[in-house]
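**Student:** coords please:
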Amino acid sequence: MSVSLDKPQIISHIQKNLNYTVFDTKWIPCSAKFVCMGNFARGTGVIQVYEVQQGEVLLIKEIEKSKPIKCGTFGFTSLQQRYLATGDFGGGLNVWNLETPDVPVYSVNAHKEIINAIDGVGGLGIGDGAPEIVTGSRDGTVKVWDPRQKESPVANMEPAEGEAKRDCWTVAFGHAFNEQDRCVCAGYDNGDIKLFDLRNMSLRWETNIKNGVCCVEFDRKDISMNKLVATSLEGKFHVFDMRTQHPSKGFASVSEKAHKSTIWQVRHLPQNRDIFITAGGSGSLNLWKYEYPVQRSKKDADNIDMGVAGLVGLLQNVTLSTQPISSLDWSPDKQGLCVCSAFDQTMRVLIVTKLNRV
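**Tutor:** Model prediction:
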């Protein structure tokens, strides 16, 4: 009994039913506010701003837009501005000042089809270098944008000539530990994972996990690459140790069958990069901890360094909904606080306890 009491608990603190489909939720940095993004049944997009006050959530602002909104990020912006970048169903990338959201402060027709995923870096005091946004689309391309510049992307990763166009489902920045270095990881519907080196504008590494890649995330963006988690359509996730890249074998990894259905999201705890949560298609959340091996690298038969994968342990799991949990975001400011949404049109604020004991 004493062991189970020491385990983290996932508590549904606040639950609110919404009148639209929610695709993404994000905390507004340095605040008790968060945004929900999605689309109304009438086909328009919506951004709602909520504030947590004394155990309740209060709707502060509702913004309706012409196109359904699929995803959003604050990762590129300064703590003073706290602008929100969104990707929509029409392929539009827009940056919003949530105080005056009538007209975007930056807008570009980024893709020919829906923007499935977005990430930001270089803002919020996290990671060095320029503020940039990466978008991944059904049109098969991954593009990097500097919102201080005009309409052209600063990088465009598209299928090679003769290569089949794949639906890009997820993108993530990493390796942004100085002014020059930066990587983008992208996951595709056919199981491909590609790591692009933005400094050299080259494909640094690729692999295939034999199933659609729903989400990729580095454990931290602002360090030399450490770990990457990739989740899949069929309930398995892979943790890649990104510290040692073997010239032919790539990165060492460990995989885990985590859910009975699709793993839609993975999110690392901002205050501890070795703890992460996965969100499943059956409405479940699983909390995990990665344990490093005694030695993270070893020599192969040819005396070349290769990585050694660690182990993953389940800390806690809970089922919140009968529908897939489509988004989740940890609060960057308060450890254990997170917000998630599911396709039952419900938004939940959760508290995960005892994280400092694991």
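**Student:** Centre-most residue in the protein?
**Tutor:** With distances taken as Cα atoms, centre = their mean, the residue of the chain nearest its centroid is residue 217 (5.5 Å).
**Student:** Could you list every helix and strand in contact with the helix or strand hosting that residue?
**Tutor:** Element membership of residue 217 [criterion: DSSP states H and E] is strand 213-218. Here strand 213-218 touches strand 168-174, strand 183-188, strand 192-197, strand 227-232, strand 263-269, going by 3 or more Cβ pairs under 8 Å, 6 or more residues apart in numbering; DSSP states H and E. Glycine gets a C-beta too; all of them are placed from N, C-alpha and C.
**Student:** re the thing from before, quick one: the residue nearest to the centre of the chain from residue 347, how far?
**Tutor:** 21 Å (Cβ to Cβ, to the nearest Å).
**Student:** Then residue 57?
**Tutor:** Going from residue 57 to residue 347 by Cβ to Cβ gives 8 Å.
**Student:** Give me the common contacts of these two.
**Tutor:** Taking Cβ atoms under 8 Å, 6 or more residues apart in numbering as the criterion, residue 57 and residue 347 both touch 16, 50.
**Student:** Of all the residues in stretch 293-309, which ones are buried?
**Tutor:** Neighbour-count burial for stretch 293-309, counted by 16 or more other Cβ atoms under 10 Å, picks out 296, 306-309.
**Student:** For residue 204, which of the helices and strands packed on strand 213-218 is the nearest?
**Tutor:** Within the helices and strands packed on strand 213-218, the stretch nearest residue 204 is strand 192-197; the backing value is 4.3 Å (Cβ to Cβ).
**Student:** Tell me what the closest residue in space to residue 107 that isn't next to it in sequence is bridged to.
**Tutor:** Nearest residue to residue 107 in three dimensions, chain neighbours excluded: residue 94, at 4.9 Å (Cβ to Cβ, 6 or more residues apart in numbering). Residue 94 has these beta-bridge partners by DSSP bridges: residue 86, residue 107.
**Student:** ok, back up a step: contacts made by the strand holding residue 217 with the rest, please.
**Tutor:** Residues contacting strand 213-218 (Cβ under 8 Å, 6+ apart): 169-175, 185-189, 191-193, 225-233, 242, 262-268, 276.
**Student:** and what of stretch 140-157?
**Tutor:** Identification of contacts with stretch 140-157 by Cβ under 8 Å, 6+ apart yields 76, 83, 85, 93, 95, 105-106, 108-111, 130-137, 158-159, 165-168, 171, 184, 186, 194, 196, 198, 201, 203.
**Student:** From the residues you listed, list just the buried residues.
**Tutor:** 76, 83, 85, 93, 95, 106, 108, 110-111, 130-137, 166-168, 171, 184, 186, 194, 196, 198.
**Student:** And the next helix or strand past the one helix or strand in the chain whose mean pLDDT sits lowest?
**Tutor:** Lowest on mean pLDDT, DSSP states H and E among the helices and strands of the chain sits helix 2-6, with a mean of 55. Sequence-wise, the next helix or strand downstream of helix 2-6 (DSSP H and E) is strand 10-17.
**Student:** buried ones in that next one?
**Tutor:** Within strand 10-17, the residues scored as buried using 16+ other Cβ under 10 Å are residue 10.
**Student:** The following helix or strand past it pairs with which strands, parallel or anti?
**Tutor:** Once strand 10-17 ends, the next helix or strand along the chain (criterion: DSSP H and E) is strand 21-27. Paired neighbours of strand 21-27 in the sheet (DSSP bridges): strand 33-39 (antiparallel).
**Student:** Listing partners with orientation, what would you give for the helix or strand that residue 206 is a member of?
**Tutor:** In this structure, residue 206 sits in strand 202-208 according to DSSP H and E. Here strand 202-208 is paired, per DSSP bridges, with strand 192-197 (antiparallel).
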